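Visitor: Let's see this in three dimensions:
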Amino acid sequence: MDIFAALADPTRRHIVELLARGSLSSGEIAARFKVSAPAVSQHLQALRRARLVRVRAEAQRRIYELDQEGIGAVSGWVERIQLFWGRKLDTLEGLLKGAAEEESS
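Guide: Numbering: from 1, shown residues only. Now for the predicted structure:
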């Protein structure tokens, strides 16, 4: 699953936000939602396929945490977008300042 398709769902985004604060078991995650535990499990699987979260076993519990590789991919995308718009906005700012200086002289 594509990272952004996975993040398009508000429940999945909320799970990612929860895991940004620290690792949680699947039961702890499910307890924070009104949907059924199997529904939360499906969301967790989608996030795993998108490489946004990873899971490890601790005895009978499944512990979920953010997958830094997938989160890094999202961060990299955001940085590229910011660079693009930053340059465009800097150019616009320069043009507007130049126009304002011409008007005042």
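Visitor: Which residue ranges of the protein form helices?
Guide: Using DSSP state H, the helices found in the chain span residues 3-7, 10-20, 26-30, 37-49, 68-104.
Visitor: now the second one, how far from the chain's geometric center?
Guide: Right, helix 10-20. Offset of helix 10-20 from its chain centre (Cα atoms, centre = their mean, to the nearest Å): 8 Å.
Visitor: re the thing from before, same list (the helices of the chain) but as JSON lines, adding mean neighbour count and distance to Ala57.
Guide: No exception for glycine: its C-beta is placed from N, CA and C like everyone else's. Listed next are the helices of the chain as JSON lines, based on neighbours: other Cβ atoms under 10 Å; distance: least, Cβ to Cβ, whole Å:
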{"stretch": "helix 3-7", "mean neighbour count": "16", "distance to Ala57": "22"}
{"stretch": "helix 10-20", "mean neighbour count": "16", "distance to Ala57": "17"}
{"stretch": "helix 26-30", "mean neighbour count": "16", "distance to Ala57": "11"}
{"stretch": "helix 37-49", "mean neighbour count": "17", "distance to Ala57": "14"}
{"stretch": "helix 68-104", "mean neighbour count": "11", "distance to Ala57": "19"}
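Visitor: mind putting these in CSV, mean pLDDT included?
Guide: As requested, the helices of the chain are exported to CSV (pLDDT from 0 to 100):
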stretch, mean pLDDT
helix 3-7, 93
helix 10-20, 96
helix 26-30, 95
helix 37-49, 96
helix 68-104, 81
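Visitor: TSV please, covering those helices and showing distance to Glu58.
Guide: Output for those, formatted as TSV (distance: least, Cβ to Cβ, whole Å):
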stretch	distance to Glu58
helix 3-7	24
helix 10-20	15
helix 26-30	11
helix 37-49	16
helix 68-104	19
